[in-house]
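>>> Please work out how this folds:
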Amino acid sequence: MTRVLAGLSEALERGSRRGLRVQLLVVLILALMPLLVLSSIQGVVEYEQQREREFERLHSTALAASEAVATAFSRAEGMTGAIAAQAYVLMENPALCVTALQRIAEADDTISNIAILDAQGRLVCSAVPPVTPDEDFSTRDWFRDLRDGADRTHSDVVFGAMSQRQVVLSVRRLRSPGEIANGVPNAFHGVVAVATDMIAAAGLVKRERMRSDAHIALISRQGPLRLGADAGSADVFENVEVGALLDGARQGEAIRLERSGVRPGYELIIASLIPGRLGVAVAAPARVFETWSGVSVITTFAIPALMTLLVLVCVWVAVDYFILRWLTYLQRVAQLYAAGRLDHVPQRARKAPREVARLAAVLEQMAASLDEQRTELAEAVDQRSGLLREIHHRVKNNLQVIVSLLNLQSGRISDPAAAEALMDARRRINALALVHRSLYETDDLRFIEVRPFLQDLVQNLGDVLGGDESAICLEVECADLALSPDQAAPMALFVTEAVTNAFKHAFAGRHNGRIIVRLTCDDEGQCKVAVLDDGTGVAAAASAGTGSSLMNAFAQQLRGEFTTRQSDLGGHEAAVSFPLNEEWTE
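Numbers count the residues shown, from 1 in each chain. Take a look at the predicted model:
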């Protein structure tokens, strides 16, 4: 029974590691996994689509910015063409030239200055008074290009010497009357330069529809020029690779550049103004999740994930409330039944779901059936025990009758040897009768309590062998031990023979003495029963007598070994070492 309960506990523990809740959750996760995968794919697709939409907005902003600045450049080039055709007239009257240039510059907010230079690079007239009247411009790149034969060109972003602003110069060579008339270039006579104010041009860009967090800058070979008053632009374009931006930009288009050195997390669009020399760059953070479309991208994945989580939580709670708590209750009921409380009625299960209530009803029926079977078995065991006790009682009575008959017969025999033989038989029969008496008097017929049994046996032997006037002391040393009847009977007969021999031979010529009956067992189940005396010992011829033969026979019945030696008391010791009955110990 103990092994069965231990196996049941082990099975319950092993099963708890694979709980019903966990298995159901795994099944649900596997069932919902396609939905989560599809929603994840859809979320990624929508995220990419939203990124493309944001890029399109940024692309439009870059094109609008480049068109605004390009328009300012176009107006400046138109002015250079008109002024270049009338330059000789204006140069004849410097005062009129300054007034005319000022009026033309005031007509356009993006123009910061207009100036006419002669063939040597000296200033002829300017809309803005020069800081250094004698400054020589002949060494400038744009001046050398026109002097070498170019009709017009642009400068890089430079700091205007007269306007004191960041400007881009649109420069055209002067046109003489002969060149105007026949279209053939004449000798170089000078240039007209129109300075486009980049800050003013940025004002045109700011009037376009731009995101509030977008940053715009002019990109030249000298580096980025921040347009507008937003201080964050300088940090955004601080590490840009100018050469890569200008080389990648194409006229009339806006392109996205990767790994351009712009601040991490920003999208960068660049549109070319002057190929290889000047472009407009727009940078903005990739804020997909800050718009309603971004919220849609999040909800595409978040809602199925939250629904899955909600389903798992609901299943977890539902399984615990509708199943596990009732299984736990039925487990406690089953444990009560296993403990023998078969009269317990699972009343709470009547409120459980129908399937659990049916299982509880089956358990109750099983308990009732087991209780009925247990009652029948108990009655059968009581009847069997009663019959066995009656059998042992009758066997004891029959043995007592035999002992009485032997007593009557021994009284009629005059031969002492025959009378002694009958007396020995009576003692042996009396030992067997004592075994049967101990069996029917005990509560459990499967074993005999050894200590009281040996005490009764030794006392009976003392009364028979020594009588009331005997001075021989009989002692029993025995631990609390139980033996099966199959071992108790031969052990009792061995003790009877050994004690009888001690009475007969150990105390010749003495009226007093001491006999000890000792039974010991070790932890390995090996027992030893010994009869010790403090007498004179047994003669060598006694080892071949009937008593020794019987003791050897009884030792064989015990599956033990019979030995004799000098006792610790100084006399003789007869002992049998035998193992406990294995069937009984189990």
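>>> Quick check: longest helix in this structure by residues?
helix 20-85 (DSSP state H).
>>> quick one: average pLDDT of that one?
Average pLDDT, helix 20-85: 78.
>>> Also stretch 526-545?
Mean predicted lDDT for stretch 526-545 stands at 75.
>>> With stretch 500-519 instead?
Per-residue scores along stretch 500-519 average to 83.
>>> Show me the contact partners of it.
424, 427, 450, 454, 458, 461, 465-466, 471-479, 481, 495, 499, 527-539, 542, 547, 569, 571-572, 574 (C-beta atoms under 8 Å, 6 or more residues apart in numbering). Every C-beta, even on glycine, is put in place using the N, C-alpha and C of the backbone.
>>> Off-centre distance for that stretch?
77 Å (C-alpha atoms, centre = their mean, to the nearest Å).
>>> same check, this time on stretch 102-122
Using C-alpha atoms, centre = their mean, the offset of stretch 102-122 from its chain centre is 77 Å.
>>> So which bits of it are buried?
102, 104-105, 108, 110-118, 121 (16 or more other C-beta atoms under 10 Å).
>>> Mind picking the two most distant members of the residues you listed?
Farthest pair in the buried residues of stretch 102-122 (C-beta to C-beta) is Thr110 and Asp118. Separation: 26.2 Å.
>>> What separation do you get for Arg341 and Ala84?
118 Å (C-beta to C-beta, to the nearest Å).
>>> what ranges of the stretch 301-450 of the chain fall below the confidence cut-off?
Within the stretch 301-450 of the chain, the segments meeting pLDDT under 70 span 301, 385, 388-389, 392, 396, 428, 431-432, 434-445.
>>> that older thread, which of the buried residues of stretch 102-122 fall in helices?
102, 104-105.
>>> picking that back up, export the buried residues of stretch 102-122 to JSON lines and tack on distance to Gly560?
Converted to JSON lines, these look like this (distance: C-beta to C-beta, whole Å):
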{"residue": "Gln102", "distance to Gly560": "140"}
{"residue": "Ile104", "distance to Gly560": "139"}
{"residue": "Ala105", "distance to Gly560": "135"}
{"residue": "Asp108", "distance to Gly560": "132"}
{"residue": "Thr110", "distance to Gly560": "127"}
{"residue": "Ile111", "distance to Gly560": "131"}
{"residue": "Ser112", "distance to Gly560": "129"}
{"residue": "Asn113", "distance to Gly560": "133"}
{"residue": "Ile114", "distance to Gly560": "136"}
{"residue": "Ala115", "distance to Gly560": "136"}
{"residue": "Ile116", "distance to Gly560": "141"}
{"residue": "Leu117", "distance to Gly560": "138"}
{"residue": "Asp118", "distance to Gly560": "143"}
{"residue": "Gly121", "distance to Gly560": "137"}
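>>> which one of these is nearest Ile270?
The nearest one, if we look at those relative to Ile270 and count by C-beta to C-beta, is Thr110, at 21.1 Å.
>>> so how far is Val168 from the closest one?
10 Å.
>>> which neighbours do the two share?
Thr196.
>>> related to what we said a few turns ago, could I get the ones in helices among the buried residues of stretch 102-122 in a markdown table, plus columns for pLDDT and distance to Leu312?
Shown next, in a markdown table, are those (pLDDT from 0 to 100; distance: C-beta to C-beta, whole Å):
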| residue | pLDDT | distance to Leu312 |
| --- | --- | --- |
| Gln102 | 86 | 78 |
| Ile104 | 86 | 76 |
| Ala105 | 85 | 73 |
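>>> So which residue of the chain lies furthest out from the middle?
Ser414 (96.3 Å; C-alpha atoms, centre = their mean).
>>> Which phi and psi values does that residue adopt?
Main-chain torsions, Ser414, degrees, to the nearest 10: phi -90, psi -20.
>>> same thing with Thr110?
Per degrees, to the nearest 10, the backbone of Thr110 is at phi -90, psi -10.
>>> Test my guess that it contacts Ala201.
Yes: using C-beta atoms under 8 Å, Thr110 makes contact with Ala201 at a distance of 5.3 Å.
>>> what do these two both touch?
By C-beta under 8 Å, 6+ apart, the residues touching both Thr110 and Ala201 are Ala72.
>>> now the strands for the stretch 101-250 of the chain?
111-118, 123-126, 152-154, 158-159, 166-173, 190-197, 215-220, 223-226 (DSSP state E, counting those that start in this stretch).
>>> repeat for the stretch 451-586 of the chain
Taking DSSP E, counting those that start in this stretch, the strands of the stretch 451-586 of the chain run over residues 471-478, 482-483, 512-521, 526-533, 561-566, 572-579.
>>> can you list the ones you listed in JSON lines and add distance to His59 and mean neighbour count?
Formatted as JSON lines, these follow (distance: least, C-beta to C-beta, whole Å; neighbours: other C-beta atoms under 10 Å):
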{"stretch": "strand 471-478", "distance to His59": "107", "mean neighbour count": "16"}
{"stretch": "strand 482-483", "distance to His59": "100", "mean neighbour count": "20"}
{"stretch": "strand 512-521", "distance to His59": "100", "mean neighbour count": "19"}
{"stretch": "strand 526-533", "distance to His59": "99", "mean neighbour count": "22"}
{"stretch": "strand 561-566", "distance to His59": "108", "mean neighbour count": "14"}
{"stretch": "strand 572-579", "distance to His59": "100", "mean neighbour count": "22"}
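>>> Contacts only, for the residue nearest to Ala352 when sequence neighbours are not counted.
Of all residues not flanking Ala352 in the chain, Trp326 sits nearest, at 4.7 Å (C-beta to C-beta, 6 or more residues apart in numbering). When contacts are counted by C-beta under 8 Å, 6+ apart, Trp326 touches 349, 352-353, 356.
>>> Taking the residues you listed, tell me the two that lie furthest apart.
Between any two of the contacts of Trp326 (C-beta to C-beta), the greatest distance is 9.7 Å, for Ala349 and Pro353.
>>> If you count surrounding residues, which of these two has more?
Ala349 (20 against 12; other C-beta atoms under 10 Å).
>>> what's the closest non-adjacent residue to that one?
Leaving out its chain neighbours, Ala349 is closest to Ala360 (C-beta to C-beta, 6+ apart), at 3.3 Å.
>>> and whichever strand or helix holds that neighbour, what does it pack onto?
According to DSSP states H and E, Ala360 maps onto helix 354-412. Packing partners of helix 354-412 (3 or more C-beta pairs under 8 Å, 6 or more residues apart in numbering; DSSP states H and E): helix 325-338, helix 416-441.
>>> what's the burial count for His154?
His154 has 19 nearby residues by other C-beta under 10 Å.
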